[in-house]
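> after the sequence you'll find the predicted model.
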Amino acid sequence: MNKHEIFAVWGEAASRRWWRGYFEAPPPLDSDDPRHPRFDPLYAALSAEELPASESLRDCQQRMLPYWNEVLLPRLRAGRRLLVVSHGNTLRGLVMHLDGLSAEAMERVEIASGVPLVYRFAPDLTVMGHAWLDGPAAT
């Protein structure tokens, strides 16, 4: 569904809480909805309990952080440069974690689509800063 369709069904206020909030997830998909992940061959090996029918930013972040800690951080420690490309909410969860933002502060953060956000890390991998690369969506 696009934004206008979502607003028409659930209203703009509720929709914005789901997009920008941390704790509240949108209504779950019915198990017979063709968009439900149980119909996606990529998830065929997962049990029904492992497939989310809805997800808040907190849920997404909790699903993403083990990958950050177990895969990406070791590569950074090894001196590798990484390019992370992902869905907007996954990137929101990562930015929130890296910048140490509260749920309330994260509601005001916009993640530009298709514009790289470059993080600089100290040798101990604390964040030294970040900047958007110039591009049409960065202005």
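Nice, I can see it. Predicted, not measured: the structure shown is a model, and the values here were computed from it.
> so which elements touch the lowest-mean-pLDDT helix or strand in the chain?
Every helix and strand of the chain was ranked by mean pLDDT, DSSP states H and E. The lowest is helix 12-20, at a mean of 87. Counting contacts by 3 or more C-beta pairs under 8 Å, 6 or more residues apart in numbering; DSSP states H and E, helix 12-20 packs against helix 3-10. Just so you know, the C-beta spots here come from the backbone N, C-alpha and C atoms, and that holds for glycine as well.
> mind running it again at 6 Å?
Applying 3 or more C-beta pairs under 6 Å, 6 or more residues apart in numbering; DSSP states H and E, we find helix 12-20 packed against no helix or strand.
> buried ones in that helix?
A14, S15, R17, W18, R20 (16 or more other C-beta atoms under 10 Å).
> look up the closest residue to the second one, ignoring the ones flanking it.
Okay, so that is S15. Nearest residue to S15, sequence neighbours excluded (C-beta to C-beta, 6 or more residues apart in numbering): I6, at 4.9 Å.
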